[in-house]
Every structure is written in C-alpha cells, then in structure tokens.
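Student: Sequence and computational prediction follow.
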Amino acid sequence: MNDVVKDTKPGTFAVATLPVTSTVIHTDGDGLTAGFVDLEIAGQTVPVYRAQPAGRSNLPVLLVIAEIFGVHEHIADVARRFAKLGYLALAPQPFVRQGDPSTIDDIPTLFREIVSKAPDAQVMGDLDACVAWAAQNGGDTGRLGITGFCWGGRITWLYAAHNPQVKAGVAWYGRLAGDTNPNQTAHPVDVAPGLTVPVLGLYGAQDTGIPLDTVEAMKAALAKGSSGSEFVVYPDAGHAFYADYRPSYNERDAKDGFQRTLAWLKEHGAA
C-alpha cells in the first residue's frame with residue numbers, strides 16, 4: 001500500500017453529468033490532508049480519495065461510496081465536507097478494473113460497459129481493504145461509518161450487511177430491489193432480515209427510478225429480523241437530490257439529509 005498523496009487539487013466532473021449547475025458546492029482543502037492514495041488489493045492498484053484533518057489521528061472513519069460516475073469532483077468534495085468535521089473519509093474508485101466512468105458521456109453506455117460489470121464481491125473486498133488501511137493510517141475503525149449515493153446507496157446497504165463492524169450507515173437513494181445476476185447476486189431487500197447495522201435511508205418520493213413500493217418492501221424485509229434502520233422519504237425530492245452540481249439538487253432536503261446523516265452517525269457511535 002502506498003500512502004503517497006498524488007493529487008491535492010480539485011478534480012473534474014464526470015462527462016455524463018455536464019454541464020455543472022450554478023448550485024455546485026466547493027469545499028476547500030484548507031486544514032486537510034486530501035488527495036488520492038493507492039491501495040494494492042489482490043494485485044490491483046485501486047485509487048482511493050482520502051480526506052482528513054491534517055496532522056490528526058484516532059479519527060472516526062467514514063467510507064464514502066460514489067455514484068455510477070465514480071470518484072469525480074463531487075464525491076471528492078463530499079469527502080472533504082466530512083473531513084472538515086473531523087472524519088477520515090475514504091472514497092475508493094469502484095470501477096477501476098472495469099474502466100473509467102468519468103469519460104463516458106451517456107448513462108446507458110456507462111451502465112452497460114462499466115457499472116454492470118463490477119461484481120458486488122469485488123466492491124466489498126475493496127471496502128474491506130479501505131478499512132484495513134484506515135486502521136493503519138490514523139483511523140479509529142471502532143467508529144466506522146459508511147454513506148453512499150445512488151449506486152453507492154445500494155452498496156451502503158450491502159456493505160452494512162457484509163461487515164457487522166460498521167457502526168452506522170446512511171444510504172442516499174440507493175436501489176433496493178431488482179433482478180439478480182452473477183455480478184449482483186443480491187439486493188438490499190434480500191439481505192435486510194439479517195441486517196444488524198442501523199442504516200438510515202434517505203429517499204425521494206418523486207424518484208421515478210426507485211418506486212416507493214420498493215421502500216415499503218424494504219421496510220417489510222427489515223421487520224422480519226432486523227432492527228434499528230429507518231427511512232426518511234422527502235415528498236418533493238427526486239433522484240440525486242443531494243447532487244448539488246446537477247439540476248436534480250434540492251437544497252432544502254439535501255441540507256436536512258446531511259444534518260440527519262451527522263446525527264445518525266453520532267447517535268450510533270460512528271463519530
């Protein structure tokens with residue numbers, strides 16, 4: 001594992017998300033150590049965006065899981081937001097073995113050529129490696145949290161089921177149900193009954209890609225054996241309502257969701 005920061009400058013946005021809207025938020029790196037580090041995982045170099053308060057250790061660890069666009073500037077900025085609040089935030093590039101999602105300009109091609117080819121098992125292993133790295137580099141993995149957006153919201157639920165050492169998760173509008181295949185062998189609704197980690201689900205009632213009946217199905221599955229997870233469904237929000245660089249951004253609900261995230265992590269020992 002290589003702890004050399006390769007890039008401390010703001011990056012660029014994924015091509016499929018352009019043009020960036022005027023509501024985009026820029027979080028500076030003042031007082032932070034921020035940039036990419038390389039982790040060697042099963043023979044593969046995986047870039048991980050790391051942001052943390054400079055010169056500090058024994059920090060709560062937060063895994064920040066990207067959208068389908070990978071770790072572009074928005075996800076790096078989110079990591080810096082948490083770092084400003086005292087976290088060691090780690091955002092691994094999830095599709096490095098499949099390709100570079102930031103260069104593809106249409107979402108159907110992005111799904112077909114890259115996202116669908118990333119096995120969930122691979123993603124779980126990369127996140128396990130991030131946790132191990134954090135434990136050796138100033139992180140207190142006894143205060144481990146995870147949050148993710150869109151594709152990363154789904155992964156948040158799955159990783160909370162995969163690693164019971166996670167103290168708390170916050171899933172932003174992640175897919176909950178659907179067809180399975182050799183790469184995606186289960187969805188959150190399938191693992192919900194055995195989930196022991198409390199996860200807060202933040203969803204939009206106007207999200208046409210995640211029907212509210214799947215939220216109800218997830219609640220029913222959680223009720224079969226899990227406890228502690230909760231949902232907040234924002235009546236006026238659609239998909240990607242936290243994505244301040246896109247037209248889908250809903251400032252009111254995004255700010256409320258972020259405050260709920262901080263409170264949830266603190267309440268459950270991940271702060």
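Tutor: Everything's here; your move. Numbers count the residues shown, from 1 in each chain.

Student: What are the boundaries of the helices in the stretch 101-250 of the chain?
Tutor: Shown for the stretch 101-250 of the chain, the helices assigned by DSSP state H, counting those that start in this stretch span residues 107-113, 120-136, 151-162, 188-191, 212-222.

Student: hey, which of those helices is tucked in deepest?
Tutor: Mean neighbours per residue, mean count of other CB atoms under 10 Å, is largest over the helices of the stretch 101-250 of the chain for helix 151-162, with a mean of 26. For the C-beta atoms, the positions are set from N, CA and C on the backbone; glycine is no exception.

Student: I'd like the average pLDDT over that one.
Tutor: Mean pLDDT, helix 151-162: 98.

Student: That one packs against which elements?
Tutor: strand 59-65, helix 120-136, strand 139-149, strand 168-172, helix 188-191, strand 199-204 (3 or more CB pairs under 8 Å, 6 or more residues apart in numbering; DSSP states H and E).

Student: Could you check how far stretch 235-244 is from the centre of its chain?
Tutor: 15 Å (CA atoms, centre = their mean, to the nearest Å).

Student: now the protein, which segments are flagged as low pLDDT?
Tutor: Regions of the chain meeting the criterion pLDDT under 70 cover residues 1-10.

Student: redo that, cut-off 80
Tutor: 1-11 (pLDDT under 80).

Student: Most remote residue from the middle of it, which is it?
Tutor: Largest separation from the mean C-alpha position in the chain: K224, at 25.8 Å (CA atoms, centre = their mean).

Student: How much space separates T17 from F149?
Tutor: According to CB to CB, to the nearest Å, T17 and F149 sit 12 Å apart.

Student: More neighbours: those two, which one.
Tutor: Neighbours around T17 and F149, counted as other CB atoms under 10 Å, are more numerous at F149. The numbers are 29 against 21.

Student: Next up, the contacts around that one.
Tutor: By CB atoms under 8 Å, 6 or more residues apart in numbering, the contact set of F149 is 65-67, 75, 78, 172-174, 240, 242-243.

Student: again, only using 7 Å
Tutor: 67, 172, 242 (CB atoms under 7 Å, 6 or more residues apart in numbering).

Student: swap in V48?
Tutor: 36-37, 39, 90-92, 130.

Student: closest one to A83 among the helices of the stretch 101-250 of the chain?
Tutor: The minimum distance between A83 and the helices of the stretch 101-250 of the chain falls on helix 120-136, with 12.7 Å, by CB to CB.

Student: Send over the closest one as PDB, restricted to the C-alpha atoms.
Tutor: Only the C-alpha atoms of helix 120-136 are listed here, as PDB (Å, rounded to 0.1, in the frame of the first residue of the first chain):
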ATOM      1  CA  ASP A 120     -20.600  -6.800  -5.700                       C
ATOM      2  CA  ALA A 121     -18.000  -9.200  -4.100                       C
ATOM      3  CA  GLN A 122     -15.200  -7.100  -5.700                       C
ATOM      4  CA  VAL A 123     -16.700  -3.900  -4.200                       C
ATOM      5  CA  MET A 124     -17.000  -5.500  -0.700                       C
ATOM      6  CA  GLY A 125     -13.300  -6.600  -0.900                       C
ATOM      7  CA  ASP A 126     -12.200  -3.100  -1.900                       C
ATOM      8  CA  LEU A 127     -14.100  -1.600   1.100                       C
ATOM      9  CA  ASP A 128     -12.600  -4.200   3.400                       C
ATOM     10  CA  ALA A 129      -9.100  -3.100   2.200                       C
ATOM     11  CA  CYS A 130     -10.000   0.600   2.800                       C
ATOM     12  CA  VAL A 131     -11.000  -0.200   6.400                       C
ATOM     13  CA  ALA A 132      -7.700  -2.100   7.000                       C
ATOM     14  CA  TRP A 133      -5.800   0.800   5.500                       C
ATOM     15  CA  ALA A 134      -7.600   3.300   7.800                       C
ATOM     16  CA  ALA A 135      -6.700   1.200  10.800                       C
ATOM     17  CA  GLN A 136      -3.000   1.600  10.000                       C
END
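
Student: Fine by me, we can end here.
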